[in-house]
Structure formats: C-alpha cells, structure tokens
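[1] sequence unknown, structure follows:
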C-alpha cells in the first residue's frame, strides 16, 4: 500500500512558499504503515492538476491532495478533479449550509465566489472543514482513493486527522513513531550518548533531528502487530530516557512549555516572567499551552530601560554600572517580578538578540537569565548562536529549562 | 522553456526533513525566465529515481536534481542516472583528485566509499563542488539537460550559482515576482476587488495566497528584458495598491510589525502593549523587527485577573460585571497601559483563545482590542476562527492593524 502526495499552488511552484504539508502528511501516513512513493507539486493550472491526478492515481493506492480549494479564480482543484473523474461539478447543499453558517457566525459578508467552494464532482463525498471555508473532497479515481484538503496547514491538519485518517484502509503490520525532545546539549553530543542505538537498518531505527531549538530523538519501530511495534519502541524509549536523563524535556506533542506547566500544576505553584530582549516571546510560549492560566499569572515586558526601572525597580545606577544585559539586572528583574506578581517562581531574560548592539565584551547572542523561587534567586548566562529570532527562541527555551530543572530537583 | 525539479532522499519522502531546495531553485530559475512545471520528490531507490528522471526528461527542457550524491550505500543517484542514460559508470580522474585534495586539506581519513563519489555516467560532465565531497553531474537525457547537485542546501546553492547557472541556455526575457501583503478582509473579498486582474494566462499574472494571517497578492510579470518585466510589474502593483487601498500592509519582506514600526519611527512616537489572551505574542511580534527599541517601550502581560487589577487598575467590579473579555476591560487596559508607560500609543488585547472557555454569549475566538492614543481610546471586537495559535495570531495582527490605520489617518 503506497501513497502519492500532490501539492497545488503557484506560490509553491514558484518557490515563494516552501511546502510543509507534504512532509507532515508523509509522517502521518508512516504512522499508519503507509509508505509515500512520491511528492509532486504543480501550479494552479487545471491541465497540470488533471494530468498529475491521473498519473498519481495510476501508480498509488492513496492520493492526498492539498491546495486549490479557495474561493478565487486561481483555485481550480475542484474543476481539475471533476475533469480527471469525467464527472460534473454539482452544488453540495450540506457544504453550502456549513459555509453559510460559518459566515454568519463570524459576521462576514458571503460572496458568490464562496458558493463555488460548496461544489463537488458528482459521486464524490464532502469532507467537513470546521476551521475554514473550504470543504474537502473524498473521491475514487480509477483504483485509487483521492482525498483533497485545503492548502492552509492548520486547516489541512485538522481535516486530515478528523476526516481523512478514519477513511484510510486498515493495514496489516504496523510502523510506530515515537519522539523524545531534549534540551541542553548539541545534536552531536546528545547523539554520542546513544550512538550504539543509531545503527542503520536496526529495528527500532533511532535518529536525531534538530527542530525549533530542541534536539529530538526519533524512534521508528516495525512490528507484525501494533502491539509488537509498541513493545519494541517502549524498550528503546526506556533505554533512551535512561541514557539522556534530564536532557529529556518530553515526548511527542509535549514541549518545553507544557513540561514546565505540568510540573507547576502538579505542585500547585505559579509563575510570572520579566522579559527584555525576548519582548514577550517567553510569555507567548508559556501561554500557547491550553490551560496555562492554572499556573501563569503574567509578565512584564520591560523593553526600554525606563520600563525596567519603573516596573521592576531596577536602579538607574545598576543599569549605568553594569548595563541592561548583566547578571545583577537579570537577578533584580526576576526577584522583583516574583514580588510584584506574588508568584512562586519568576523568570527573567535580558540579552542582545542582534543583529546590532553587540560589543567585544558583550557579543550578539549574550543572554542573562534569572530564576527567582522559594529558595532565592539564581542567574545564568549563555552566548547563543543564530539569527535574531533564533537567539530569542533559544533564550526563551533556556530560561524555561532552568525552571524545569529547578522543579525536578525539588 | 520549462524545468522540473527532482529531489531525492528518504528523509524528504518520509517527512523527517522539509524540502527547501526546490523552492530555492524555482526562485532562481524564475529570475532567469525559466518557469518550473513540477517539483517531484522520490526516495533513495534506484528504480524510483530512474523512472522519475525519465518521466521528467520527457516533459521538461531542464531537469534539476538534488540529493543522493553522498558516499553511503543509500546514495544511488549516480547509478540511477547512468541507468536512465543507458550508460556505464566510469571513474572521473579529475573528480578523484579533487576529493583526495579535500580530504588531505581537512585531515580526514579517506574511505573507499568516497571513491564512488568520483564516478560519472560515461558522456556526462563533472560539476566542481568547492565546499563538499560530492561533485555534481551535467548530462543530456533525451532532449533535456540534466544537472545533479548535492542535497545539502549550502553545497547545492554554491554549485547552482557557480556551475549550473552559467550552463543554462541563455534566454530571452525575464520573470519578475512581487508580492503585496494585505490585512483586513478575507481572501475572497480582497480578490473581488481585483478579480479583473486575476485572469489566467494574463501578463502580469496576479494571484492570492493566505499565509501567516495575511492575504498576499502575488504579481508575476514576464518581459523581454528585466526592465520590461519591471515596468509591467510596477504598473500592476500601482493598480493593486490603488484598488486595495489601506488593506495593503507592505510588500516583500515587510510585515505588519515592520509597517507599524516604520509609521511610529517616522512620527517619533512610542508604543506599549497590554496583553491577556495573547500572553506576550503581540510584544514578541513587534520586537522581532530589529531596531524596535526605537519606538517600543514594553508591555504588561496581565494573564490572570489579579494582574489586570494590580498592574492596570482594572476594577474588580468591572471584571465581575462585564467579564475579563469585554469592551470596558479592553478600554481600561489600553488607557492605563498608555499612562503607565508614558507612551504615545497603547494597544490592548483580551479574548478567548480556546479551545476551552467559550460560552454562547462569548464564543471561542471573541477578542476585544483597545487602542489608546493622543486622541483618546477606541475599542473594537472580532470573532476569529481557527485553533488557539491562529486566534492569537489573528488577534495580534488585528490589534496592530488598528494602530496602523490610526497612524495612516493622522
């Protein structure tokens, strides 16, 4: 059983946008034991899409299509699929009602063009889109099953999970993916601790990837049954956790922020943050986790020096003597933030995110981080590499990791 | 003249790595007037690569291939190309010398497997790789010109620039891309204003895409000379700007945050923010722009109700009567924030980002936004669709857009 993934869009084929949908879908298919044979990208051209659909359906059991379901003239995937199927486009009443409902709920004006989005090739089935205006399509093309989803990643992911995945044929044999996220050592150092488990062709297969500031360790196990695959993976994951110790932040959908949140919630403790160079990113990352209000009270973004003095009582003399990017300032920010919010813990970040503002003594990437808690205040500093957004991301992660390790020590 | 771009690698087809090479190459080809017809990705399988090469060569004038030139067993692009050409693999003495020189210079031990990297299909030409061990290949397959480059982006980019680009047939004509970013209306409404410009096959070609919360309008112009293409694009961009008016946030690398920043800097005015449901995202987005310290003073992330009262004097009774997600609270937050920071402008955001916390009266996605400025305080509210991160992104953008429009009105 194999799949071809077809991405549609002028913005993709001209290189204005990088296609991330195909990688996402390949990963999700692999979890179900379906191998991807090919990714194909074509422009918003009815002829190109029709030809690509027919070629794919002739060579794969499942064809996943993303893009070209929007309301505008250059969204022609519906027409191209109908043409490939030799079917008429017909208005789907239920689709239309759902689109009308959505526009009503959001109080948007509905256009004639949005009615086009309710059309389906005759004989095809509509796939509900709970988060956008473009319903998907499930159809047969020759012997292949074709599923068409929106190109917007957030809409596509929900539709794949809720509508497409349950419709995929059930398979013998199983492939299981697990992934542990680590923080605190570089990829090669982390990998050197588990080198003997990383042999090519092994089962489970173990590999490392760097993504979003974390080093992730992937485990892919194959078994005759899901239970077999699970058992194999569980053994390897247990060994990895032992070797990697407190570098392991979490698994799967867990993140640094959710790991910290879970530890705080379990201890019924609260957190506040004081940020300078991250400008709100630390608070943003903490609150992306649903239910963060259980433990997160808020933050002070003291970007200008005046704000550091006004809101966090950082003495003007301290700023003058040590500079805003310094250990005493990081300590004071964390300490005062904890007092101001009345939280159990407070984190602070002050640094030079670049590209400008670096000196020989204080280079771009230098970040001081404070951690105030029931036992007092600590401060650490690091020099992070990378561009402005990367330095800020790494600083936010490192600050949260300091708290994670402190909570684990308790 | 058209091109197909073929990416090779198990890590791509399994979704462990996102292919960025194809987008890069499409952009570079477009600059030379070569349109890309298709991106194709296949695994490290000799059969799959041979078949994909033959299909591509039958339908395109130029085939650009990346990946599968490494020294290991799963690097089989050389073999697959030789098979597609019906040629033998032969050792290229100059390649071998260059590889040996590289290993000597870096004091690495040279393996027998690295000799494989010096092999070429008979009749093909070697492309020098100054930054890695994998030489590239230039060959003819049927009527098509085929260029094979390493998969590592940094090596591929140097080889494309120095070795492939000079070998591409010289073309008459040029293709130019420009993109305008808009905010404030959905894709279909924005497109309805410019529908007459969005005809398929027109020159310039105009299309819309939704990305990162903005509706972008792409303009692709073709001309006999770069100057022709520029003139055509400039005319269309001028018409688009006129039609879309203040929906246009910026062009190219410009963002909502940089547009707001430029307006503030030009007026020598300052900004502070008060955030609830966005948890710091608004401040984070504003400060991702280098030099934001010219106008951004800081923010108060008042996530818990207690923090709203403590830091922004939101009366407990107001929270009780209207709830934290309400117009009076948004107004008070913006007003007090402006006072506290002593800024010219202040933005506030309070809403229900979901997935929990919605009611019939106040559904998930409802966000109240305040804007305090020299002329007083305004408040607006919207019901945003999408997941928690999307609601927060849209709320942050909408808040900034309120300020952008206020600054434009002055």
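    Perfect, I can see it now. Computed from a prediction, not measured in an experiment: that's the story for all the values here.
[2] Could you list the low-confidence segments of the stretch 101-250 of chain A?
    Applying pLDDT under 70 to the predicted model, the residue ranges of the stretch 101-250 of chain A that meet it are A:170-172, A:200, A:210.
[3] Up against chain B, what does the stretch 101-250 of chain A have?
    Counting by C-beta under 8 Å from any C-beta of the partner chain, the residues of the stretch 101-250 of chain A close to chain B are A:102, A:105-109, A:111, A:113-114, A:131-133, A:152, A:154, A:158, A:207, A:209, A:218. The way it works is simple: take the backbone N, C-alpha and C, and place the C-beta from them, glycine included.
[4] try 6 Å
    With C-beta under 6 Å from any C-beta of the partner chain as the criterion, the stretch 101-250 of chain A comes near chain B at residues A:106, A:111, A:113-114, A:131, A:152, A:154.
[5] Between these, which sits nearest residue B:53?
    Residue B:53 lies nearest to residue A:152 out of those, by C-beta to C-beta, at 32.8 Å.
[6] Show me what residue A:351 is bridged to.
    Beta bridges link residue A:351 to residue A:367, judged by DSSP bridges.
[7] list the contacts for it?
    A:277, A:325, A:366-367, A:395 (C-beta atoms under 6 Å, 6 or more residues apart in numbering or on different chains).
[8] Mind pulling up the pLDDT for it?
    Reported pLDDT at residue A:351 in the predicted model: 97.
[9] Going along the chain, name the helices of the stretch 101-250 of chain A.
    A:112-116, A:153-159, A:187-192, A:226-244 (DSSP state H, counting those that start in this stretch).
[10] Can I get the ones you listed in a markdown table including distance to residue A:349?
    Converted to a markdown table, these look like this (distance: least, C-beta to C-beta, whole Å):
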| stretch | distance to residue A:349 |
| --- | --- |
| helix A:112-116 | 45 |
| helix A:153-159 | 28 |
| helix A:187-192 | 24 |
| helix A:226-244 | 26 |
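[11] so which pair among the contacts of residue A:351 is furthest apart in space?
    Those two in the contacts of residue A:351 that are separated most widely, counting by C-beta to C-beta, are A:325 and A:395, at 11.1 Å.
[12] which one of those two has more residues nearby?
    The neighbour comparison of residue A:325 against residue A:395 (other C-beta atoms under 10 Å in any protein chain shown) goes to residue A:395, with 28 against 20.
[13] Now the more buried one. Nearest residue, chain neighbours left out?
    residue A:367 (4.3 Å; C-beta to C-beta, 6 or more residues apart in numbering or on different chains).
[14] ok, now residue A:31?
    Of all residues beyond its chain neighbours, the one nearest residue A:31 is residue A:177 (5.4 Å), with distances taken as C-beta to C-beta, 6+ apart.
[15] Could you list the buried residues of the top helix by length along chain A?
    Scanning chain A for the longest helix, with DSSP state H as the assignment, gives helix A:388-409. For helix A:388-409, the buried set under the neighbour-count rule, 16 or more other C-beta atoms under 10 Å in any protein chain shown, comprises A:388, A:390-404, A:406-407.
[16] just stretch A:136-145 next, same as before
    Neighbour counts using 16+ other C-beta under 10 Å place A:136-139, A:141, A:144-145 of stretch A:136-145 among the buried residues.
[17] Just the strands from the stretch 201-350 of chain A, written as ranges.
    A:205-211, A:214-223, A:248-251, A:271-275, A:296-302, A:345-351 (DSSP state E, counting those that start in this stretch).
[18] Out of the ones you listed, indicate the one that is most buried.
    Highest mean neighbour count among the strands of the stretch 201-350 of chain A (mean count of other C-beta atoms under 10 Å in any protein chain shown): strand A:271-275, with a mean of 31.
[19] what's the angle from it to strand B:296-302?
    Here strand A:271-275 points in a direction 180 degrees away from that of strand B:296-302 (axes from the mean of the first three to the mean of the last three C-alpha atoms, to 10 degrees).
[20] gap between strand A:271-275 and the chain center?
    In terms of C-alpha atoms, centre = their mean, to the nearest Å, the centre of strand A:271-275 is set 23 Å apart from its chain centre.
[21] Give the other helices and strands that it contacts.
    Counting contacts by 3 or more C-beta pairs under 6 Å, 6 or more residues apart in numbering or on different chains; DSSP states H and E, strand A:271-275 is packed against helix A:281-287, strand A:296-302, helix A:327-341, strand A:345-351.
[22] Quick one: end-to-end distance for stretch A:311-318.
    With C-alpha to C-alpha, to the nearest Å as the measure, stretch A:311-318 spans 15 Å from end to end.
[23] From the chain's centroid, how far away is it?
    Using C-alpha atoms, centre = their mean, the offset of stretch A:311-318 from its chain centre is 37 Å.
[24] So what touches that stretch?
    For stretch A:311-318, the external contacting residues (C-beta under 6 Å, 6+ apart) are A:274, A:300, A:302, A:308-309, A:328-329, A:332-333, A:336.
[25] Buried residues in that stretch, which are they?
    Of the residues in stretch A:311-318, those scored as buried under the neighbour-count criterion (16+ other C-beta under 10 Å) are A:311-312, A:314, A:318.
[26] Over to stretch A:281-295?
    Applying 16+ other C-beta under 10 Å to stretch A:281-295 flags A:281-290, A:292-293, A:295 as buried.
[27] Keep only those of these that are also close to chain B.
    A:281, A:283-284, A:287, A:290.
[28] Could you pull up the contacting residues of residue A:141?
    A:57, A:84-85.
[29] let's see it at 8 Å
    Residue A:141 makes contact with A:53-54, A:57, A:63, A:81, A:84-85 under the criterion C-beta atoms under 8 Å, 6 or more residues apart in numbering or on different chains.
[30] hmm, which of these are the buried ones?
    For the contacts of residue A:141, a burial check counting by 16+ other C-beta under 10 Å picks out A:53-54, A:57, A:63, A:81, A:84-85.
[31] Thanks again, I'm all set now.
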